[in-house]
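Trainee: Quick one, structure for this:
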Amino acid sequence: MRKYLYFRTVADEANDGVTGLKTSTPSSFLFPADSLTAIQPTGDAVLTLYFKPALANNVSGLRDQVELNVVEGDHFEIMSKITDAIANPSRGHDDGFIVIADDVATTDSATSSLNDLAVTPQYIHNSISSCGEIKVQNPSTYGYHRHYEVVDIPTGAIADNDVFANLSIKIPAQAALVEASINAVELSGSADASCALEVHTASVASNAASAGTEIVGADTSGNKSLPNSDLNFGSGDVLGDTITGGTLISHSTPFDRGASESFFQVTVKESSVNCTGTPKIGVYLAWYGPAAVRI
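Mentor: Numbering: from 1, shown residues only. Predicted coordinates:
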C-alpha cells in the first residue's frame, strides 16, 4: 500500500484552500511518503521536511518542503516518530493516510450542526506545536534550469550518425540553451567509440537515423565545440573527458529554440562502432525558459 503524509496549516477549516497561494504556499497538502527525501532541523524550534516536487515533478534540482514548529531539543524524537509511522503503517495508519501536522481547531460545514465546532489539532508527536509554511514548487516554472543525466550506451553494432540513446526529458518551446556538454562516465570495452549531442524537434528511436542538429561535437557548424572534437569513449580513451558547446551555446551566445520543442539524443560518430561492456555518457544542459518535461 502506498502511504501519504498530510499537512494543514490553518486553524479554521473554512480557510483551507483560501489561505495561501494554491500552488506555491497551499494551506494543506498530501505528499506521497516515498517522495520524502530528507528531514533536518533548520532552527532551534523548526524541523523541515523535504520532498521530491509533487507538481513540478519534471524539474531537476527542485524540492518541496514543509516546516514544522516544534519543541526545542525534540527534533530527533519527531524524526523518529515520522519514519516509524511510514515504516509501520499498522500503528494507526493502516489506510496509508498519515497525519503529520493538522492545525485545524474549528470545523467548516454546510450542515449547521457540523459547522464551527471545536476540534483538537492533530500532530504525529506531541512536541509539534503547529504546522509551519508548506512550500510547493510551481509546475509551470519559468526561469534558469539545469539538467544532468547519465545515459546508458547500448552494446552491439550501430551505424554512424544513428542514435545511441535519448535523454529522459524534453524542453518545451521558447527555451534558450546557454550551456551544453557531454562527458565519458564509463568507457566502452571496445576500442572504437565516439559520440556527439544533437537536438531535435521529436524523439528518435535508438538505432534510427538521428536527423537532428548537432550542438556538441566535431560536426558543429563553425567548429565551435570546445575542443573541436567528438567525445571518444573507447577502451583506450580518457575516462571523464568532456566536450562542451563552446561558443555555439553560451550565456553570451544562447542557442534560441524559438517555437520548437527540444529533444536530445546522443548520436554515433564512428563508422565501425560496436560497443561492449557498460559504457555511459553524461549529458549536461542549462537553459532559460520553461521547465523540462519528462518523456
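
Trainee: which of the residues in stretch 195-209 are buried?
Mentor: Neighbour-count burial for stretch 195-209 flags Cys195, Ala196, Leu197, Glu198, Val199, His200, Val204 (criterion: 16 or more other CB atoms under 10 Å). Yep, even glycine has a C-beta here, placed from its N, CA and C like the rest.

Trainee: Contacts only, for the residue nearest to Ser260 when sequence neighbours are not counted.
Mentor: Closest residue in space to Ser260, ignoring its immediate chain neighbours: Thr201 at 5.0 Å, by CB to CB, 6 or more residues apart in numbering. Thr201 makes contacts with Ser260, Glu261, Ser262, Phe263, as judged by CB atoms under 8 Å, 6 or more residues apart in numbering.

Trainee: On the three-state scheme, the first one is what?
Mentor: Spelled out, that is Ser260. coil (DSSP: H, G, I helix; E, B strand; the rest coil).

Trainee: and the helix or strand containing Val266, what other elements does it pack with?
Mentor: Assessed by DSSP states H and E, Val266 sits inside strand 262-268. Applying 3 or more CB pairs under 8 Å, 6 or more residues apart in numbering; DSSP states H and E, one finds that strand 262-268 contacts strand 163-171, strand 194-200, strand 280-290.

Trainee: Walk me through which strands it pairs with, and which way each runs.
Mentor: Strand 262-268 sits in its sheet next to strand 163-171 (antiparallel), strand 194-200 (antiparallel), going by DSSP bridges.

Trainee: And the contacts of the next helix or strand after the last one?
Mentor: Spelled out, it's strand 194-200. Note on strand 194-200: by DSSP H and E, the next helix or strand toward the C-terminus is strand 213-216. For strand 213-216, the external contacting residues (CB under 8 Å, 6+ apart) are 177, 180-182, 196-200, 220, 225, 231, 243-245, 248-249, 255, 267.

Trainee: The closest residue to Ser203 other than its chain neighbours: how many residues sit nearby?
Mentor: Excluding its sequence neighbours, the residue lying closest to Ser203 (CB to CB, 6+ apart) is Phe263, at 5.0 Å. Around Phe263 there are 19 other residues, counting by other CB atoms under 10 Å.

Trainee: List the contacts of Phe263.
Mentor: Asn166, Leu167, Lys170, Val199, His200, Thr201, Ala202, Ser203, Val204, Gly212, Ile295.

Trainee: Kindly report the same for Asn69.
Mentor: Ala45, Val46, Ile128, Ser129, Ser130, Cys131, Gly132.

Trainee: now Ser168
Mentor: Glu149, Arg294, Ile295.

Trainee: so how far is Ala209 from Ala292?
Mentor: 25 Å (CB to CB, to the nearest Å).

Trainee: Skip the chain neighbours and tell me the closest residue to Leu36.
Mentor: In space, and not counting its chain neighbours, Leu36 is closest to Phe51: 5.6 Å by CB to CB, 6+ apart.

Trainee: wait, doesn't the one you found sit right on Leu30?
Mentor: No: checked against CB atoms under 8 Å, the pair Phe51 and Leu30 is beyond contact range at 11.0 Å.

Trainee: quick one: which of these two has more around it?
Mentor: Between Phe51 and Leu30, Phe51 has the larger neighbour count (other CB under 10 Å), namely 22 against 13.

Trainee: Can you tell me how far that one is from Glu133?
Mentor: For Phe51 relative to Glu133 (CB to CB), the value is 14 Å.

Trainee: got any residues that touch both of those two?
Mentor: Val66.

Trainee: Look at the most far-flung residue of the chain relative to its centre and give its secondary structure.
Mentor: Farthest-out residue of the chain from its mean C-alpha position, per CA atoms, centre = their mean: Ser113, at 45.7 Å. Judged by three-state DSSP, the three-state class of Ser113 is helix.

Trainee: ok, which stretches of the stretch 51-200 of the chain are helices?
Mentor: Counting by DSSP state H, counting those that start in this stretch, the segments of the stretch 51-200 of the chain that form helices are 75-87.

Trainee: Just the strands from it, written as ranges.
Mentor: Residue ranges of the strands in the stretch 51-200 of the chain, as given by DSSP state E, counting those that start in this stretch, are 64-70, 97-102, 122-123, 128-135, 142-152, 156-157, 163-171, 176-186, 194-200.

Trainee: Pretty sure Ala118 sits against Val104.
Mentor: No: contact criterion CB under 8 Å: Ala118 and Val104 do not qualify, at 10.3 Å.
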